[in-house]
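> predicted model and sequence follow; I will ask about them next.
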Amino acid sequence: MSSIEIAFGRSHLPITLPQAARPTIIRKRPLPKIPNGRAAVRAALDAPIGCAPLRELAKKRRSACILICDITRPVPNHLFLRPMIEDLLAAGIAADNITVLIATGLHRPNEGAELAELVGDPWVLNTVKVENHFARDDAAHVMLGNTTGRNVPVGLDRRLIEADLRIATGLVEPHFMAGWSGGRKVVAPGVAHHTTIRTFHSARFMEDPLAVQCNLAGNPLHEEQLEIIGMLGEVYALNTVIDEQRDLSFVNFGEIVASHYAAVTFVEAATAVPIGRRFHTIVTSSAGYPLDKTYYQTVKGMVTPLDILEPGGTLIVASEISEGFGSAEFRAAQQRLADLGPERFLATLTAKSLAEVDEWQTEMQLKPMRLGRVQLYTTGLDAEERRITCVELIDSVDAAIEAAIARHGSGDVAIIPEGPYVVPLHR
């Protein structure tokens, strides 16, 4: 027997494989480690893509808004927020006119100890305003009209709109609808009005075959996000890429679209992994903390490996889920799925122009459910929550692997320790 560890919570879950297993371990290609992250950030700010250095951009500006991702993304904010803010202060922007805005989308706010963890630098919290975005606060948004491409209503947080200098920061990694996270996605849906977000999450976007991970060409979400950036006007971005140990591998700064494409080009070769075959049994994770805090985020781990799952195969997902479902709205959507079944639930979505809050994630769960058998190992969730996951709960990953091998008559098992941060491709 052989063993391997997969990401689980703040640590790892050991898995012991049966003798019959022939494992294929799927990881990102090794990424370089930047030995001095702060020096790399400084170099990026001083040698940007498609714009002047930050110190020059900040001159004669009265205010600035810096967007950061919420706690669900392990962005190394501690490395770049202080040097960015110091550049703004040195250029003459008053500390009271600098806002770090958490791009929560429709997620809950980050507060208290969680906020301190997210920012990662007490100096930042003590020097400038750090505030959450609230998508359902109408007065906090400026409505910019509708996109010409797909008639998406566009509302963005007033604090971003009204700032003289706008900067988005984030992590560039595969995203199972928008192709890649980071850049324009931190703006919309990150600090967008709920109607913008709920339109993005409607069935006409979710069911589009081009709205998939690692794809920007013809991706309707990406195209709408680019149009929204055009409506917003001048905006810049700091993009990061991290390796499997969460160490910094890449950082750049520049015009938001050009700098994002550069980061995607860097990470795509390492993250999108051609496998050349499909498997009857796949074992994956939800990438550990912070992504596996909720069942809502766990769905990402179910969708990412579908390209290499044989129809009718078994997908085994391990996720700690320490905080339960993630939102009351998502729980309600899962309850409707349990009550109606997959086909009737999907039928309720297709006529809507605005998705209900968080029901889109339940819609995404239908994709692995349509393809094969989904099994979940977790140490979280109560009995009722487990019932309305609508997938098969298991007590042991080891036993589930052994049973799947016997059921399918094949010992070939794909194991993806880092979950949705790795995209295996059947080509």
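Happy to help now that I have it.

> let me know the pLDDT of Ala400.
pLDDT recorded at Ala400 is 98.

> was I right about it contacting Ala406?
No. The pair Ala400 / Ala406 is not scored as a contact, 10.9 Å apart, by C-beta atoms under 8 Å. For the C-beta atoms, the positions are set from N, CA and C on the backbone; glycine is no exception.

> same drill for the two, tell me which one is more crowded.
Ala400 (21 against 12; other C-beta atoms under 10 Å).

> show me the contacts for that one.
For Ala400, the contact set (C-beta atoms under 8 Å, 6 or more residues apart in numbering) comprises Thr314, Ile316, Gln375, Tyr377, Ile394.

> quick check: of those residues, which lies closest to Pro14?
Among those, Tyr377 lies closest to Pro14 (C-beta to C-beta), at 12.3 Å.

> residues contacting that closest one?
Counting by C-beta under 8 Å, 6+ apart, Tyr377 makes contact with Leu13, Ile316, Val317, Ala318, Ser319, Leu393, Ile394, Asp395, Ser396, Val397, Ala400.

> again, only this time at 6 Å
Counting by C-beta atoms under 6 Å, 6 or more residues apart in numbering, Tyr377 touches Ala318, Ile394, Val397.

> most surrounded residue in those residues?
Busiest of the contacts of Tyr377 [other C-beta under 10 Å] is Ala318, holding 30 neighbours.

> what's the distance between the closest residue to it other than its chain neighbours and Val299?
Leaving aside its chain neighbours, Ala318 sits nearest to Tyr377 (4.5 Å; criterion: C-beta to C-beta, 6 or more residues apart in numbering). As judged by C-beta to C-beta, to the nearest Å, Tyr377 and Val299 stand 15 Å apart.

> need the three-state assignment for the spatially most distant residue from the centre of the chain.
Most distant residue from the mean C-alpha position of the chain: Gln19, 35.8 Å away (C-alpha atoms, centre = their mean). With DSSP: H, G, I helix; E, B strand; the rest coil as the basis, Gln19 sits in coil.

> pLDDT wise, what is it at?
Reported pLDDT for Gln19: 94.

> just the buried residues of stretch 397-407, please?
Val397, Asp398, Ala400, Ile401, Glu402, Ala403, Ala404, Ile405 (16 or more other C-beta atoms under 10 Å).

> save those as JSON lines, and put in secondary structure too.
As requested, the buried residues of stretch 397-407 are exported to JSON lines (three-state DSSP):
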{"residue": "Val397", "secondary structure": "helix"}
{"residue": "Asp398", "secondary structure": "helix"}
{"residue": "Ala400", "secondary structure": "helix"}
{"residue": "Ile401", "secondary structure": "helix"}
{"residue": "Glu402", "secondary structure": "helix"}
{"residue": "Ala403", "secondary structure": "helix"}
{"residue": "Ala404", "secondary structure": "helix"}
{"residue": "Ile405", "secondary structure": "helix"}
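
> turn the residues you listed into CSV, including distance to Leu101.
Output for these, formatted as CSV (distance: C-beta to C-beta, whole Å):
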residue, distance to Leu101
Val397, 39
Asp398, 45
Ala400, 42
Ile401, 44
Glu402, 49
Ala403, 48
Ala404, 45
Ile405, 49
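
> how about His107, nearest residue that isn't a chain neighbour?
Asp70 (5.4 Å).

> oh, I was asking about Gly312
Per C-beta to C-beta, 6+ apart, closest to Gly312 is Gly372, 5.7 Å.

> for Gln335, what are its contacts?
Ile388.

> may I have the secondary structure class of it?
Criterion first, three-state DSSP; result for Gln335: helix.

> follow-up on the earlier one: ok, now how distant is the residue nearest to Ala318 from Gly276?
In terms of C-beta to C-beta, Tyr377 sits 28 Å off from Gly276.
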